[in-house]
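Participant: Structure for the following, please:
(chains A and B)
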Amino acid sequence: MIDISESVMQFLLALIVVGPLLGAVAALLPAPPGLKGKSPEQAVLRHGVTVTGVILIAAIVLALGFDRGHPSRMQATTDISWIPALDVRIHLGIDGISLPLVVLTALLTFLCALYSYFNPPAGGPPKAFVALLLVLESGTLASFAVLDLLLFFLAFETVLIPMYFLIARWGGEGRTRAAWKFILFTLLGSVVMLLGLLLIGIKAGTFDMVALATDNGRSLTASVQVIAVLAIGIGLAVKTPMWPLHSWLPEAHTAAPTVGSVLLAGVLLKMGTYGFVRILLPVAPDGFRTFAPYLAAFAVVGIIYGSLACLNLARRGAQGDLKRLIAYSSVGHMGFVLLGIATMTPTGVNGALFANIAHGLITGLLFFLVGGLKDRTGTTDLDTLAEETGAALYGKAPRLGGLLAFAAVASLGLPGLAGFWGEMLALFGAFKPAADLSRPAFLTFMAIAALGTLLTAAYMLAVVRRVCMGAAAQEVPKLADVRSYEFAAWTPLVVLTVVAGLWPKALLGLTDPAVQQLLAGGIR
Amino acid sequence: MSALAHPLAANLVQSVDWLAIAPPTLTAVVGLVVLVADLFVPEAKKPLLGWVSVAGLAAAALLLLPLLGHDRSTFCLTGTTRACSYTADRFTLIVQFLVLGGALLTALLSVTTLKDGKRRYPQGEFWFLLLSSAAGAALLPASRDLATLIVALEVASLPAFALVGIRHGDKRSSEAALKFFLSSVTATAVSLLGISFVYATTGSLYLTQVADRIQHVDGQLHTLAQTGVVLTLVGFAFKTAAVPFHFWVPDTYVGAPLPIAAYLSVVGKAVGFSGLILVTVVAFPSYADVWGPALAALAALTMTVGNVAALRQQATRAYSAVRLLAWSSVGQAGYLLVPIAAAGYTDDAQKAVGSTVAYALMYAAVNLGAFAVAAAVARTERLNRISDYRGLYARNPLAALLLAFFLLCLAGLPPGIIGLFAKVTVFSAAVEAGLGWLAVVMAVNVVIALYYYLQWTALLFRAPEGEPARHRLPAPLTAALALTGTLGVVLSGAPQLVLRFAATGLF
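Facilitator: Numbering: from 1, shown residues only, chains lettered A, B, ... in the order given. Predicted coordinates:
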């Protein structure tokens, strides 16, 4: 939109990746004179807001400087040799696929830092909290910005330790077990993924994603592609998470602090689906084609499984935990994303990428809201909240109730909000999958997935009914309504959800050319 | 008369390249000097001996510098065939650097241990034994004939037995030493038997000649040669603590003074794997179909047994920190063996073993670092249980952060970037050689290992029980920590510094 010179763009992208890391180191050092603030705690939390704010501004400037005329071209590229022995290059760059994810990550992390500034998480020193948050941001941003397979793996692993500590130190009940489950599942997946990445790199002679995508799997034999897709796919599927490898997710979400849940759902899961699109689709298309029907089948099972689990949790007397419910709904939503990718069509993949962003915005908002609800009522247990008649949030805290209803409705995919387009496009893609995929199979998947949208609507509305509605007893004290800092942290998500719903072209215009080229063979 | 004698003398007497053999020689000489000086130095000045040894090791490491870039050999056969007993090529220099650096760090740790231990350690003997063992370990990678290899192996091992049992009036210590001694001697004897078989079939002890001749062994002697190859590996596998030659490790590490345990875990392993590399890749390349699968099985077994045993350590048991490090070093030995096994399956064996060398350099730096922190903690917590590390961050933030970093390097997770990439090279050696199953076994092991490393790491940052008592670290320990910490951080920023050995020829 605005013309920024290439070298400035390069600098901005490098800053986005390295900046949070430097910020994390700085957070551990004592504050310099003049920046001491009221107390060391306040100073370090403010430091977190500043750093993530700078990164967000850099990401926005990067998005403004992005040449929208050529979203399929890698922009702001840097390519430096780092470890010649392993042929690892610091190759950074963004195109229409990664740019939205980079901005989403920067935005969500900033909102989390802002939220924590006013509502410091209990459980450990804020210093460590901010440092871990920044390392986490650096790792996620790096995984969307790097164009080298081994660097992608490095970025993929970087998020593990910070997230582990965020859950294990600042989490709620059952946090130790949840944190272990999170890290062991993901690590097991990612070492298997490493084997696949190495196989591709060794057989093709390069780890460079651009070169590999241009090659489009021509230098890899079919059997190598099949093995590599299986290995890499398992790693990514654990992260996404795909049914039946999802069992770490509900526990991690239930135990994680609000900020951890927001980032886990909002950006960490996206690393998995992004890997499918960025690595597997262009690099090993033949191998992917072999597994596409299975992936789609698992995705559809995930959609139905997630919805049924949510319906069960939303029942009266089921002792359902709201955070757990949202986590299961994530399994369903990510099922749509995987279904879209598995169709191997531009429509489906665009839908998947759209659903990715939409899920980040909406689920991020939902976790924020539930976190806010927990601060006020001290529980996320649906039965405790709703008691006999319903929690009557509309009466006790109308704005909070309204926001919750908004997020729930967005999540079920109401047309006009962000959740709609991605799922619809994914279903469209399944209606007419790529030429060499079995159409009847995908039609079946589509029909089942469509049923899933109905189930999603059912449980989301049940949640709204039980939490927001109900007869407010007169003697019950009103809950504090949305505070100003909460407004500040949540409004951007609400606005973006509406904008993406009403003006999907803003996003699809970015992703579509890049996806077209990716599927046709290669990134320029 | 003189005209006759001259060519004969030229045949028998050859000039020795003193510069090439300087690093191990200087180490040995300093050892002798310290032993003799011990007789004349008054009790109060004994710490001086330690500093002399540290300086000697540093000087020996510096003597590697002028050797860089030249392939020097000495003690060669004169005649038609050229074969040398001592070669200072890239491989030799890298391993010698590892050995001398490891010994230097051990010495730094020992200075504090000896000072704290007051009269329980005979100082002169301690330094003499450490330096002799280091000299043997430095000689080993340079040896290019089987006899010198065994001599070097023994020179490295024999003083180590004594070092393990050097604590006066410590039953555990002497029991550990005896256990270590008996099992080690058995392994060496088996190795010697193997070497004698090889000699019987080939008629030479020089590695290059053996490699040449063993390809054309008489059909009847073929089995003998095969047996010889396998038996020769045993002695070195013992030193790397590969399963099933590992049972001495935990008790020996616990019984030995902590710096000696660190020494065994790094330098002892270096001795083992460099011997294995020389024997397999240089001497018996044509028998790759024998030692390749054997080493692959050994690697898989070693890492699994080591990691599972480390996983089962109870945090509250006495000496559990050292026990865990001991078992984890067994697991790490498994990773070290993977590329050597892979060398048996690829055409580019040198590149594969380069991964072992690169991994060993990383492992040496971070494992010694972890031991340094353990030594620091052991000064106040005699029992050195893992549970004693709870809240270390509150007591000594820097030591806790460093230990966390070292452990994550060993686990191979960021921020331990060098650990991650060292593992990646090992993985890629296995994948490149088509050893997919071994790579998968290793992948599972990495996850198991992460569990106990991370559990320990997490403990460091928990709230301490009771009032944290702060202690000042003595200077030598601080120096050792600073050295290993800097190494780890620098390598994480520029992994190429060690990983380049995985990409080029070493011999």
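Participant: Listing request: residues of chain B with sub-threshold pLDDT.
Facilitator: For chain B, applying pLDDT under 70 flags the ranges B:1-13, B:468.
Participant: so where do the strands sit in it?
Facilitator: Ranges of strands in chain B, per DSSP state E, are B:72-76, B:84-88.
Participant: what's the last one in contact with?
Facilitator: Among residues not part of strand B:84-88, those counted as contacts by CB atoms under 8 Å, 6 or more residues apart in numbering or on different chains are B:20-21, B:67, B:70-77, B:142-145, B:148, B:206. C-beta: built from backbone N, CA, C; applies to glycine.
Participant: next one: the first one
Facilitator: With CB under 8 Å, 6+ apart as the test, strand B:72-76 has contacts from B:14, B:16-17, B:19-21, B:82-88, B:144.
Participant: which residues sit in contact with the residue lying closest to A:Ala145 once chain neighbours are set aside?
Facilitator: Nearest non-adjacent residue to A:Ala145, counting by CB to CB, 6 or more residues apart in numbering or on different chains: A:Leu92, 5.0 Å away. Going by CB under 8 Å, 6+ apart, A:Leu92 touches A:Gln10, A:Leu13, A:Ala14, A:Val17, A:Ala76, A:Thr77, A:Thr78, A:Asp79, A:Ala145, A:Val146, A:Leu147.
Participant: Local confidence estimate at A:Leu92?
Facilitator: On pLDDT, A:Leu92 comes in at 93.
Participant: Got phi/psi on B:Phe247?
Facilitator: phi -60, psi -20 (degrees, to the nearest 10).
Participant: you'd agree it is up against B:Ser183?
Facilitator: Yes - contact criterion CB atoms under 8 Å: B:Phe247 and B:Ser183 qualify, at 7.3 Å.
Participant: Enumerate the positions of the longest helix belonging to chain B that are buried.
Facilitator: Criterion DSSP state H: the longest helix present in chain B is helix B:171-202. Within helix B:171-202, the residues that count as buried by 16 or more other CB atoms under 10 Å in any protein chain shown are B:173-174, B:176-177, B:179-181, B:183-185, B:187-188, B:190-195, B:197-198, B:201-202.
Participant: number of nearby residues for A:Lys38?
Facilitator: For A:Lys38, the tally of surrounding residues (other CB atoms under 10 Å in any protein chain shown) stands at 8.
Participant: Kindly list the main-chain dihedrals of it?
Facilitator: The phi/psi pair for A:Lys38 (degrees, to the nearest 10) is phi -80, psi -40.
Participant: ok, now how distant is it from chain B?
Facilitator: Per CB to the nearest CB, to the nearest Å, A:Lys38 is found 23 Å from chain B.
Participant: how much distance is there from stretch A:208-217 to the middle of the chain?
Facilitator: Relative to the centre of its chain, stretch A:208-217 is centred 25 Å away, using CA atoms, centre = their mean, to the nearest Å.
Participant: May I have that stretch exported as CSV, CA atoms only?
Facilitator: This file holds the C-alpha atoms of stretch A:208-217, laid out as CSV (Å, rounded to 0.1, in the frame of the first residue of the first chain):
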residue,chain,number,x,y,z
ASP,A,208,15.4,-24.3,1.2
MET,A,209,11.6,-24.2,1.1
VAL,A,210,11.5,-21.9,-1.9
ALA,A,211,13.8,-24.1,-3.9
LEU,A,212,12.0,-27.2,-2.8
ALA,A,213,8.6,-25.7,-3.6
THR,A,214,9.8,-24.7,-7.1
ASP,A,215,11.0,-28.2,-7.6
ASN,A,216,7.6,-29.4,-6.6
GLY,A,217,8.7,-32.8,-5.6
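Participant: And the residue of the stretch 1-150 of chain B closest to chain A?
Facilitator: B:Ile94 (13.7 Å; CB to the nearest CB).
Participant: And for that residue, nearest residue in space, chain neighbours not counted?
Facilitator: Residue nearest to B:Ile94 in three dimensions, not counting chain neighbours: B:Val357, with 5.7 Å by CB to CB, 6+ apart.
Participant: so how far is chain A from that neighbour?
Facilitator: Distance from B:Val357 to chain A, by CB to the nearest CB: 12 Å.
Participant: quick one: secondary structure of A:Asp383?
Facilitator: Here A:Asp383 is helix, with the state taken from DSSP: H, G, I helix; E, B strand; the rest coil.
Participant: Would you confirm that it contacts A:Arg315?
Facilitator: No - look at A:Asp383 against A:Arg315 with CB under 8 Å: they stay out of range, at 9.3 Å.
Participant: How about residues contacting the helix or strand that A:Gly395 is a member of?
Facilitator: A:Gly395 belongs to helix A:393-396 when assigned by DSSP states H and E. With contacts defined as CB under 8 Å, 6+ apart, helix A:393-396 is touched by A:373, A:400-402, A:404, A:467-470, A:472, A:476, A:478-479.
Participant: Tell me the one among these nearest to chain B.
Facilitator: Lowest distance from chain B to the contacts of helix A:393-396 (CB to the nearest CB) belongs to A:Leu373, with 29.0 Å.
Participant: from what I can see the closest one touches A:Leu400, true?
Facilitator: Yes - proximity of A:Leu373 to A:Leu400 meets the contact threshold set by CB under 8 Å, at 7.1 Å.
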